Each structure stands twice: as structure tokens, then as C-alpha cells.
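>>> need a 3D model of the following:
(2 chains)
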Number of protein chains: 2
Amino acid sequence: MMALTSVEKRVLDSMDRKGLVDAILDLVSIESVGGAETPAQRWVMTLMEEVGLEVDSWQLDFKELAKHPGHSTEVDRSSGLGVVGRMGTGLAEDGLIYNGHVDVVPPGIRERWSSPPFEPQVREGKVFGRGAVDMKAGLCSAIFAAKAIKNAGVTLKTPLMIQSVIGEEDGGVGTLAAIMRGYKARGAVVMEPTSLQVVTTGAGCQNFRIRVAGKAAHGALRGEGVSAIEKSIVILSALDSFEGKRNRKKHPLIPGELPFPICVGKISGGEWASSVSEGVLIEGRYGILPGEGLLAAREAFEDALEKASLG
Amino acid sequence: MMALTSVEKRVLDSMDRKGLVDAILDLVSIESVGGAETPAQRWVMTLMEEVGLEVDSWQLDFKELAKHPGHSTEVDRSSGLGVVGRMGTGLAEDGLIYNGHVDVVPPGIRERWSSPPFEPQVREGKVFGRGAVDMKAGLCSAIFAAKAIKNAGVTLKTPLMIQSVIGEEDGGVGTLAAIMRGYKARGAVVMEPTSLQVVTTGAGCQNFRIRVAGKAAHGALRGEGVSAIEKSIVILSALDSFEGKRNRKKHPLIPGELPFPICVGKISGGEWASSVSEGVLIEGRYGILPGEGLLAAREAFEDALEKASLG
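As a prediction, this is how the structure comes out:
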């Protein structure tokens, strides 16, 4: 590690660590599950203003965003805010972006949490609560980094822009909106948790929905129907072997046994225990290789499913 | 077929066929999905009174019913009616019971119906609508049979008791309630559709719920979790081979390739497309052999699942 310059040391010494932990606890306690991010975004705006950042905020135009080829979303939103806090003078293009999201995924089965997911606690120097790691701590850290720079009396020659975005967990509509608003820079740091590793590339992903059809019948005569649940097993097994194939290639910058996973996260089907199910919905996340391209990845996915359906 | 006696002929000639079809249409148009049977039961009471039957009706005591070893239910009910119409003098034990249910299963995907499920239609001599066959036509036929006997001026020496029951589709709580109310007879005719075959025995069944546990993780790191959806495939496949084993034995009075089916009617699990699912609920119907006994059947089922879970 390089030695710190005196300016860097001054900034680090100005870090408000207690304020940072308090901020994380406050933000985690706001239940900003995907689609309900506005109170969290307003809280971030207030914090940015207190820190002394210039804040740009705007209502997202979801209709306009949906036209973009990179658009992807799962949650139906009627409204949502974009928030960018800025410090430093000069052209944005010469600056640096910090990007963090406020949305969190649902907390799952409450009984399995050691403490309530939206009542964060500090235990043994760690914050516990839904979204603490992914990524409210990261977002707050960026803002407190800006605060430390301010408090140290350091002036930046190029702008630092902190983007607080929504919808990261379901396709990234908030970051897309920031790009479309004109936020481009020389570099960007995404505040995702990486176990403190610097990560310079990442797998892509796309969420998917698969509808499996069946034919209803009374369960007592189930041979007269076609079970969509039974057919779903064919689809799940096809996804499993497709995943295996795609993960044979390794990427030098993406570690792990399964760098491009296919995760089936949700399944639901059937209306009645005693009826043959006439429909199943499968929802999941499809890992994409760097440089593969969305269209090629989609085609490969659809091909694999088509073969399974015919086979 | 034996020749009809003059009395039988007189009764048949008194059959109000148009009234019967109208009654079926009226009853089908009442959306008596399991748990919402009371309007249909009140309608049946009124019809029975018009026909001239003595009507016994009572509120079901679900707490009391739940204590019975033969109790089984899937739908949460806060209230429900028992309805029995009676004609003829003499001891009930010497009489005959007609048993029919008013509850229907949900209609499934509306778009697949050629006409709305609760707006019945007569087409080519058949009634189309949810529950027309199973079994509002049967129940109405029993009441109109009683009406024909009345209209023909025939007096029965032993009682005819028509039971209109609820909850047949989810375990038979209504028939259990009628038995517990004291309705026993020399014989009973259940008005279930059998393609006009006389059926003197039937497979039993029990509904089941299986909870499959997993361990949550982000979909991008799905190897760190345990997918309850993936584990469910093991369970589904175990149920499939267990069903195969049980259907090797045939029963002389129960025809078909699959006399004792196991139908998985519903599956649901996972909260988010991009999360490893930590729980799946599987619901279905388990066919039971005549004379097998509920306890033995349950044990066999639980054994099969236990082996699959360990294997």
C-alpha cells in the first residue's frame, strides 16, 4: 500500500465514523423494498444537503425509460426519485461517480432473522439488518467520504458525484435513469459489497419469467390432465444443465465455481390441491458473461428452453 | 333392466324436467367456491321447502368437528350451514340418504372457459358452468326426484333424506357434520358424477401439505444458498415413484390405469427472482385404497418422504 499524502491523511482524520454508523442504522430502518424507495431517497437527499452537496433530484419517467434497450424491471412502480449529490468544480466528464442503491430485496422468512430485519443492531462491530451490506453501508460511506473531504477543507479540482439510485435489485432502472439524465464521468465506483476486494469487472444478469402451461383435470383423474407442475421439472432441469454448460468457460477476473449462475428464485402454480395445475410461473436470474451481449445471451437462453420443450 | 312398476312409472311421468334444468342453472350461477357456500345452502333450503320437504338446518361447529379423527379441511371457514331435507315417515335408520355438495373448486384460468364459469349455459342439451356436473346437477336431481314422488301422490314408508353439504372438495367436513348430527340410514347414494355408472366403492383420499426448507442467498452467489425449489424436485420425484408403487396393485371395483393417484395441485416458493428460495409449499391430493385405513396410508406417505429427504 502506498503511503498516504498529508492531504489524504487529513481527510481520513476528518472521517465522522460515529455519524456514519448512525446514518447506516437510520437508513436500514427505512423499509425501502423495491418499489417503495421514495422515503429512503428523501432521507438520502436530506443527508446530502446536510453534508453540503449540491443535490439534483428528479421524478423518473418510467415510460421513457422503458424504451431504452438496456431497460429491465420487475417491480411495477408508479413513481420513483433520482438523486445525485455533487461537490467540486469543473466538467462532470472529468469527474468521478460513486453509485449506490437504496432498494433492498424482501427479508424472507422473519423467524429466521436473529433480529428484526428493519430494526438494525450493532453487534460485535457489525451492523445487522436488511440492506446493511447491500448496500446502505456503501451508499452512506460515499456520502461520509464527501463529508470528510469537506470537513478537511479540501477542494476538489474535478467533480465528485454521488448517485443514490432505486431499482438496482430488479434490473437497474435508477442507474439507467442517471445515465440518461446525462451523468457520465471519467470513472465510477459502484459501492457493492465485494468482501473488500477491488473488482473491476462483473458478470451481467437478466431476470426472466417462464410460463409453463398444463391442462386442468380433477386430481382423482389426474391422467386426464397435463400437470404444469410436472412439466416445470423438465424446464428446471433444462435450466440446470444449461447453467452447467455456460459455467465451463471461466473468466480470469470473475472468481468462483459458478461465475454465471442461473437462479430460479420463485415458483408458483396451481389453484387447488386436488386439481391438476394448468399453469406455473417460474422467475429467476440469468448470469451473463462480460462482453457476451444481451441479445446473444437471450437467444442462447431461449434456444435451451425451446429444445427442452420439444424434447 | 327390470320393467317399471306402475308406481315407478307414475313418479317418472311426474318429473319436472324443465324445472330441474332451471334449478341447476340457478344453483350454478351462485359462486359457491369452498368457504363461500352459505348463499348456495340457503338457496337449496328454499328449494327444499318449495318441494315440501321438512328441512333441518344448523350452523356447523368447526371446533367440535376438528376433534373428529376423520376430520380434514383445507379452507378456513368461520361459518357454514348443514342442510337436510326429509320426506316419508318412519325411523331414519330404515331410510335412504341422498348426499350432494354445493361447494365447487375455483374455476382456474378464465380465458380458457368457452363461457363464463358462473354464467351457466345450455348447449346441445348440456349445462356448461363451474360445478354443473360436480355436483349441482346431482343435488338438484335428488331434490326433483323427491318432488316427482310428491307430485305423483306417492307416500314413502321409510324416510328419504337429502343432505346438501359443504366442504366436499377440501375434505368432507359437511358430510362429517351430517353424520355427527345423527343422520344414519340403511343406505346412501352419493350424487357424484360417474359417467352414469353405478359405483359401489371408491378410493379414499387425503390432502397434504409439504414444506420444503432452503437457505437464502443472493442469486449471483447461489452456491452459498440451498434452493428449496431445487430440493422440491427431489420431493416431487419421490411422490411420483411412490405413486407408481401404490398403483401396481389393482382393485376389482376401481377401474383405470391410475386408481390411486397422487396429484400435486399447487406449488409456491421463493420471494424474489434473484434470491435463492428458502421455502416451498407443495399441496396435493393423495389417493387411498379402500380398506387401507387413514393411519396406515399416512404412515406410508410419510415414510416415502422421509426416505427421499434422507437419500
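
>>> all contacts plus neighbour counts: C-alpha atoms, from now on.
OK.

>>> how about the strands of chain A, start to end?
All strands of chain A, identified by DSSP state E, fall at A:54-59, A:81-87, A:96-101, A:121-123, A:126-128, A:160-165, A:187-190, A:204-213, A:262-269, A:279-288.

>>> make JSON lines out of these and add distance to chain B and mean neighbour count.
Listed next are the strands of chain A as JSON lines, based on distance: least, C-alpha to the nearest C-alpha, whole Å; neighbours: other C-alpha atoms under 10 Å in any protein chain shown:
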{"stretch": "strand A:54-59", "distance to chain B": "26", "mean neighbour count": "14"}
{"stretch": "strand A:81-87", "distance to chain B": "22", "mean neighbour count": "23"}
{"stretch": "strand A:96-101", "distance to chain B": "16", "mean neighbour count": "23"}
{"stretch": "strand A:121-123", "distance to chain B": "20", "mean neighbour count": "13"}
{"stretch": "strand A:126-128", "distance to chain B": "16", "mean neighbour count": "17"}
{"stretch": "strand A:160-165", "distance to chain B": "18", "mean neighbour count": "26"}
{"stretch": "strand A:187-190", "distance to chain B": "16", "mean neighbour count": "15"}
{"stretch": "strand A:204-213", "distance to chain B": "7", "mean neighbour count": "18"}
{"stretch": "strand A:262-269", "distance to chain B": "4", "mean neighbour count": "26"}
{"stretch": "strand A:279-288", "distance to chain B": "4", "mean neighbour count": "23"}
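
>>> residue B:224: which of the ones you listed is closest?
strand A:262-269 (11.6 Å; C-alpha to C-alpha).

>>> between the closest one and strand A:279-288, how many degrees?
Strand A:262-269 runs at 170 degrees relative to strand A:279-288, counting by axes from the mean of the first three to the mean of the last three C-alpha atoms, to 10 degrees.

>>> for the stretch 101-250 of chain A, give the residue positioned nearest to chain B.
Residue nearest to chain B within the stretch 101-250 of chain A (C-alpha to the nearest C-alpha): residue A:219, separated by 5.2 Å.

>>> next up, the contacts around that residue.
Neighbour list for residue A:219: A:273-276, B:261-263, B:265, B:285 [criterion: C-alpha atoms under 8 Å, 6 or more residues apart in numbering or on different chains].

>>> tell me the one among those residues nearest to residue A:213.
Using C-alpha to C-alpha, the contacts of residue A:219 come closest to residue A:213 at residue A:276, 11.1 Å.

>>> on that earlier part again, make TSV from the strands of chain A and add mean pLDDT to it.
Supplementary listing: these in TSV, determined by pLDDT from 0 to 100:
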stretch	mean pLDDT
strand A:54-59	98
strand A:81-87	98
strand A:96-101	98
strand A:121-123	96
strand A:126-128	96
strand A:160-165	98
strand A:187-190	96
strand A:204-213	93
strand A:262-269	97
strand A:279-288	96
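
>>> returning to that earlier point: and the contacts of residue A:219 as JSON lines, adding distance to residue A:117?
Below are the contacts of residue A:219 laid out as JSON lines (distance: C-alpha to C-alpha, whole Å):
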{"residue": "A:273", "distance to residue A:117": "33"}
{"residue": "A:274", "distance to residue A:117": "36"}
{"residue": "A:275", "distance to residue A:117": "37"}
{"residue": "A:276", "distance to residue A:117": "37"}
{"residue": "B:261", "distance to residue A:117": "43"}
{"residue": "B:262", "distance to residue A:117": "39"}
{"residue": "B:263", "distance to residue A:117": "37"}
{"residue": "B:265", "distance to residue A:117": "33"}
{"residue": "B:285", "distance to residue A:117": "36"}
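
>>> which two among the residues you listed are spaced furthest apart?
It's A:273 and B:261 that sit farthest apart of those, by C-alpha to C-alpha, at 12.6 Å.

>>> common neighbours of those two, please.
Counting by C-alpha under 8 Å, 6+ apart, the residues touching both residue A:273 and residue B:261 are A:219, B:285.

>>> interface residues of the stretch 51-200 of chain A facing chain B?
Proximity of the stretch 51-200 of chain A to chain B is confined to A:105-106, A:108-109, A:169 under the rule C-alpha under 8 Å from any C-alpha of the partner chain.

>>> list buried residues within the residues you listed.
The neighbour-count test (16 or more other C-alpha atoms under 10 Å in any protein chain shown) applied to those identifies A:105-106, A:108, A:169 as buried.

>>> flag whichever of the residues you listed scores worst on pLDDT.
For those, the weakest pLDDT value sits at residue A:108, with 86.

>>> out of the contacts of residue A:219, the closest to residue A:71 would be?
For those, the nearest to residue A:71 is residue B:265 (35.6 Å; C-alpha to C-alpha).

>>> among the buried ones among the residues of the stretch 51-200 of chain A next to chain B, which pair sits farthest apart?
A:108 and A:169 (14.8 Å).

>>> show me what contacts residue A:140?
Neighbours of residue A:140 in contact, by C-alpha under 8 Å, 6+ apart: A:20, A:23-24.

>>> buried residues, stretch A:6-25. List them.
A:10-11, A:14-15, A:20-21, A:23-25.

>>> again, but for stretch A:40-55
Applying 16+ other C-alpha under 10 Å to stretch A:40-55 flags A:40-41, A:44-45, A:47-48, A:51, A:53, A:55 as buried.

>>> can I get that stretch as PDB, trimmed to CA atoms?
Extracted in PDB, the C-alpha atoms of stretch A:40-55 (Å, rounded to 0.1, in the frame of the first residue of the first chain):
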ATOM      1  CA  ALA A  40     -35.300   6.400   1.700                       C
ATOM      2  CA  GLN A  41     -34.400   8.600  -1.300                       C
ATOM      3  CA  ARG A  42     -35.800  11.700   0.500                       C
ATOM      4  CA  TRP A  43     -33.700  10.700   3.600                       C
ATOM      5  CA  VAL A  44     -30.600  10.500   1.400                       C
ATOM      6  CA  MET A  45     -31.400  13.900  -0.100                       C
ATOM      7  CA  THR A  46     -31.600  15.400   3.400                       C
ATOM      8  CA  LEU A  47     -28.300  13.800   4.400                       C
ATOM      9  CA  MET A  48     -26.600  15.100   1.200                       C
ATOM     10  CA  GLU A  49     -27.800  18.600   1.900                       C
ATOM     11  CA  GLU A  50     -26.600  18.500   5.500                       C
ATOM     12  CA  VAL A  51     -23.200  17.400   4.200                       C
ATOM     13  CA  GLY A  52     -23.200  20.400   1.800                       C
ATOM     14  CA  LEU A  53     -23.500  18.700  -1.500                       C
ATOM     15  CA  GLU A  54     -25.500  20.300  -4.400                       C
ATOM     16  CA  VAL A  55     -28.400  17.900  -4.900                       C
END
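
>>> what's in contact with that stretch?
A:27, A:30-32, A:81-87, A:102, A:143-144, A:146-147, A:150, A:164-165.

>>> 6 Å - rerun?
A:84-87, A:147 (C-alpha atoms under 6 Å, 6 or more residues apart in numbering or on different chains).

>>> may I ask which two of the residues you listed are separated the most?
A:84 and A:147 (14.8 Å).

>>> would the single longest helix found in chain A count as contacting chain B?
Counting residues, the longest helix in chain A under DSSP state H turns out to be helix A:228-246. No: figure legend: helix A:228-246 not in contact with chain B (C-alpha under 6 Å from any C-alpha of the partner chain); closest approach 6.7 Å.
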